[in-house]
Structures are given as C-alpha cells and as structure tokens.
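# Please work out how this folds:
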Amino acid sequence: QVQLVESGGGLVQTGGSLRLSCAASGRTTGSYAMGWFRQAPGNEREFVAAASWSGGNTYYGDSVKGRFTISRDNAKNTVDLQMNSLKPEDTAVYYCAADFTRRWYASTRADDYGYWGQGTQVTVSS
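Presented below is the predicted three-dimensional model:
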C-alpha cells in the first residue's frame with residue numbers, strides 16, 4: 001500500500017501564496033505520476049496539476065495556469081504545489097494523488113489515480 005500525506009494548507013488573503021506538500025510512503029518503489037486535485041463544497045473534484053515521474057511533463061487546469069507550479073523530488077518521494085496569486089475561488093480541500101500506471105506522462109482524470117491523501121484545506125479570504 002501507498003500512503004500520501006498532504007501538508008501546508010491554511011488561511012490566506014486574496015493575492016497571497018501557499019505551498020502544499022505531499023509525502024508518499026509505503027510501497028513507493030517504481031515510477032509513478034502524481035497529481036493535485038481539489039474539491040469545494042457542492043462541487044465535483046477538479047483537476048489542478050500533475051507531473052510525470054521525471055517532472056519533465058507537467059499539466060495544469062485552466063483555472064490555475066500561470067499561478068500554480070507543481071514540482072517533485074523523487075529522492076524524498078514528495079510533490080509540492082506552489083500556489084501564487086490566490087483567489088477566493090481557489091478555496092477547497094486539496095488532495096494529492098498517485099498513479100502507478102503512468103510514468104512518462106500524467107493523467108488529468110481523477111479516476112486514473114489509485115492512491116489519495118486525506119486532503120488539506122485551503123481557504124482564501126476576500
């Protein structure tokens with residue numbers, strides 16, 4: 001089994017920044033893509049960002065392009081999400097996910113990820 005633990009969420013004002021981190025542990029041998037998704041109350045889970053195993057291929061949801069940056073450190077089994085210029089509509093629970101079926105690229109579909117963290121709350125005040 002693989003365990004994913006997110007950290008770094010919190011309350012920030014509009015225009016501020018936060019950095020989320022996700023640490024993977026357990027059976028993490030092998031190559032895997034990682035992604036970030038978010039879910040606000042009453043909304044479906046939304047794709048935010050993803051990275052291939054090498055980190056060379058990255059993908060972003062339209063609403064966060066140019067503001068968020070995903071990065072990973074495979075030596076530490078971590079993936080980070082740097083969030084800048086935050087808006088109230090970014091308020092959500094953010095989830096980290098791992099996909100062990102893909103290496104050279106990453107999916108933007110939540111159904112393709114087999115492992116999920118418990119989520120971390122991000123609240124952006126106006």
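# quick one, phi psi at Q82?
phi -90, psi 120 (degrees, to the nearest 10).
# Just grab the bridge partners of it for me.
Using DSSP bridges, the beta-bridge partners of Q82 come out as R19, T69.
# Distance check, it against S21.
Going from Q82 to S21 by CB to CB, to the nearest Å gives 10 Å. C-betas here are computed from N, CA, C, even on glycine.
# contacting residues for A24?
Contact analysis of A24 by CB atoms under 8 Å, 6 or more residues apart in numbering lists V2, Q3, L4, M34, N77, T78, V79, A98, Y115.
# swap in G16?
Per CB under 8 Å, 6+ apart, neighbours of G16: L86, V124.
# G10 versus that one, what's the distance?
Distance from G16 to G10, counting by CB to CB: 10 Å.
# Same check on L86?
Distance from L86 to G10, by CB to CB: 11 Å.
# Quickly list what's touching both of those two.
L18, V122.
# tell me the contacts of the residue nearest to Y59 when sequence neighbours are not counted?
Excluding its sequence neighbours, the residue lying closest to Y59 (CB to CB, 6 or more residues apart in numbering) is A50, at 4.6 Å. A50 makes contacts with A33, M34, G35, W36, T58, Y59, I70, A106, S107, T108, as judged by CB under 8 Å, 6+ apart.
# Please apply the same query to R38.
By CB under 8 Å, 6+ apart, the contact set of R38 is R45, E46, V48, D90, A92, V93, Y94, Y95, V122.
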